[in-house]
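Participant: Quick one, fold the following:
(one chain, ligands or ions: 1)
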Amino acid sequence: MENIQMLIDGQWVGSEQEQWIDVINPASGELITQIVRGNEKHADDAVQAARKALKSKEWKSFKPFERGQFLQETARYIRANAEELAKLESIDIGKPSAQAKGDIEAAARYFEFYAGLADKVFGDSIPIEEDLLNVTVIEPIGVTLHIVPWNYPIQITARSVAAAIATGNVVIVKSSEDTPLTTNFLAKWFHEKLPKGVFQHLTGYGAEIGSALTSHSGVNQITFTGSVPTGIAVMKSAANNVVPVTLELGGKSPNVVFKDADLERAVPVIVNSIVQNAGQTCSAGSRLLVEETIADELLEKLVVKFKTLKVGPPANNADVGPIINEKQYKQILEILGSIEEQAKVLVGGEAVQVEGYENGFYISPTIIEASDHNNSFVQEEIFGPVLSVVRFSDVEEAIELANATEYGLVAGVWSKDIDVAHYVASRIDSGQVFVNSYGAAGGVQMPFGGYKKSGIGREKSHLAVQNYIQIKNIAIQVQL
Ligand code: TXE
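Facilitator: Below you'll find the predicted structure:
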């Protein structure tokens, strides 16, 4: 595949100094393409171009309903190219093709959803006193920066870019150095359809162009999805410019299973919630809290199911694909290696060699049972197909354990008793709680975001447009 160039100020920009970064297919270890190792100058060029585009007559005259029409058109374009986009996403991340297809459809849905909102975000008139007309006017926040990780590139790009464009902003997307392909595909579409500088796509390392962008004083808002330490660094940069951030920083989300749960219904959902995208999902159901009296029965069923899962590349129609890169892969194996003495590995726990794909990064779906909820592998995000299990004895203990991590992104509660389900759901500190289901990353219309270190703000849903607007109050004193 030919090298990927950045889109800056309506121009395709390659590397002048032959500074390219290899993009590797994690399923095979093969080189897919190269991206530009963007630098501070590129970041500055993009921000200057974005500021110009924001003030341009061309973009300002794009009416809200026309922005909506354009976003609808984008959704249709994505669907028309779904097969190619799914292939690109699958090559880039190694995810099974059915999952990649789901991601493409979700991306189309984001554009469609925010298309509908584009001309429905408006202010209020506020009654204060006679002859004072007080109104709030909604304005775009300005230049929005979107730092995208590698696990769901097209979905995560779509969810914030669609909301930002709907509300009249200009956007700069910085792809993950591992996964630029689908955003590059979308960049070509935006290049053709939008005034220059309204959508720009940059590539390179987070510590280089990423941090040059987050600390740039010309950026008005930052949407970041990634790790907690990088999220903190992004927030510190933003603080220097007094700029708002929307942070989505992952989790250690629990499925909490009570003794009266319908296990036949729960098992496939719990399995999918941790093995989808090889566990590299911010909202993965990576903790299982199970009531003591049914723990053996549930674990037996899960182990049986885990043993049937096929690990391998998308080409083999596998259930569980590779880990994104060597660094993440080694990190997970190191964690698994350190677990031995602290807990029982019920299934998996090792690297997998796949014939013909010896340079891919495969790990077997793993279940580990711990006696102590404080163990690091129960507390920390492993970001692989690894389910950590702890037993509880009653409702109060279940709630205490569910809340006993630094995170609070998603939770699943499994019980047929509506009192138990509601009591627990209302006491879990988590941005989303599913009862008798678990919507890993699902639901374009549902507000999504974290309590505690899982993040700040909400994405998805009608609420996300709030991240991308300024509210101006205008008071008009009338006097004749
Ligand atoms: O994340 P980083 P990494 C978690 C998951 C994973 C861990 C590390 O636990 O094991 O993070 O993954 C850009 N300024 N999640 O190292 O560093 C970087 O280029 C500006 C959870 O990949 O957070 C990439 O585009 N940007 C998660 C993005 O930030 C910077 C998804 C994410 O990288 C930067 C991914 C900087 N200083 C990982 N440093 C989720 N919430 O879904 C890096 N970046």
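
Participant: Now for T366: which residues touch it?
Facilitator: Going by C-beta atoms under 8 Å, 6 or more residues apart in numbering, T366 touches 306, 336, 345, 347-349, 384-387. C-beta here means a position set from N, CA and C on the backbone, and glycine is covered the same way.

Participant: Within range of the ligand, give me the residues from the chain.
Facilitator: 147-149, 151, 176-177, 206-207, 210-211, 214, 225-227, 230, 233-234, 248-250, 282, 328, 381, 383 (C-beta under 6 Å from any ligand atom).

Participant: buried subset of those residues?
Facilitator: Neighbour counting by 16 or more other C-beta atoms under 10 Å classes 147-149, 151, 176-177, 206, 210-211, 214, 225-226, 230, 233-234, 248-250, 282, 328, 381, 383 among the residues of the chain next to the ligand as buried.

Participant: Show me those residues that map onto strands.
Facilitator: Residues of these located in strands (DSSP state E): 147, 225, 248.

Participant: Helices along the stretch 251-400 of the chain, start to end?
Facilitator: 263-275, 292-308, 326-337, 376-379, 395-402 (DSSP state H, counting those that start in this stretch).

Participant: Nearest to Q19, out of those helices?
Facilitator: helix 326-337 (20.3 Å; C-beta to C-beta).

Participant: what about the closest one, distance to the chain center?
Facilitator: Relative to the centre of its chain, helix 326-337 is centred 22 Å away, using C-alpha atoms, centre = their mean, to the nearest Å.

Participant: For the helix or strand H42 falls within, C-alpha coordinates in PDB please.
Facilitator: If you go by DSSP states H and E, H42 is part of helix 40-55. This file holds the C-alpha atoms of helix 40-55, laid out as PDB (Å, rounded to 0.1, in the frame of the first residue of the first chain):
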ATOM      1  CA  GLU A  40       5.800  20.500  15.800                       C
ATOM      2  CA  LYS A  41       5.900  22.400  12.600                       C
ATOM      3  CA  HIS A  42       3.100  20.200  11.100                       C
ATOM      4  CA  ALA A  43       1.100  20.700  14.200                       C
ATOM      5  CA  ASP A  44       1.500  24.500  14.000                       C
ATOM      6  CA  ASP A  45       0.600  24.500  10.300                       C
ATOM      7  CA  ALA A  46      -2.500  22.600  10.900                       C
ATOM      8  CA  VAL A  47      -3.700  24.800  13.800                       C
ATOM      9  CA  GLN A  48      -3.000  27.900  11.800                       C
ATOM     10  CA  ALA A  49      -5.000  26.500   8.900                       C
ATOM     11  CA  ALA A  50      -7.800  25.400  11.200                       C
ATOM     12  CA  ARG A  51      -8.100  28.900  12.700                       C
ATOM     13  CA  LYS A  52      -8.200  30.400   9.200                       C
ATOM     14  CA  ALA A  53     -10.900  27.900   8.100                       C
ATOM     15  CA  LEU A  54     -13.000  28.600  11.300                       C
ATOM     16  CA  LYS A  55     -13.300  32.300  10.300                       C
END
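
Participant: from memory I4 sits against R37, does it?
Facilitator: No: using C-beta atoms under 8 Å, I4 is not in contact with R37; the gap is 11.5 Å.

Participant: Please say which of those two ends up with more neighbours.
Facilitator: More crowded of I4 and R37, by other C-beta atoms under 10 Å: I4, with 25 against 18.

Participant: Could I get the contacting residues of the more buried one?
Facilitator: Here I4 is in contact with 23, 33-36, 180-181, 184, 203 (criterion: C-beta under 8 Å, 6+ apart).

Participant: and the two most separated of those residues?
Facilitator: Farthest pair in the contacts of I4, by C-beta to C-beta: V36 and L181, 14.0 Å.
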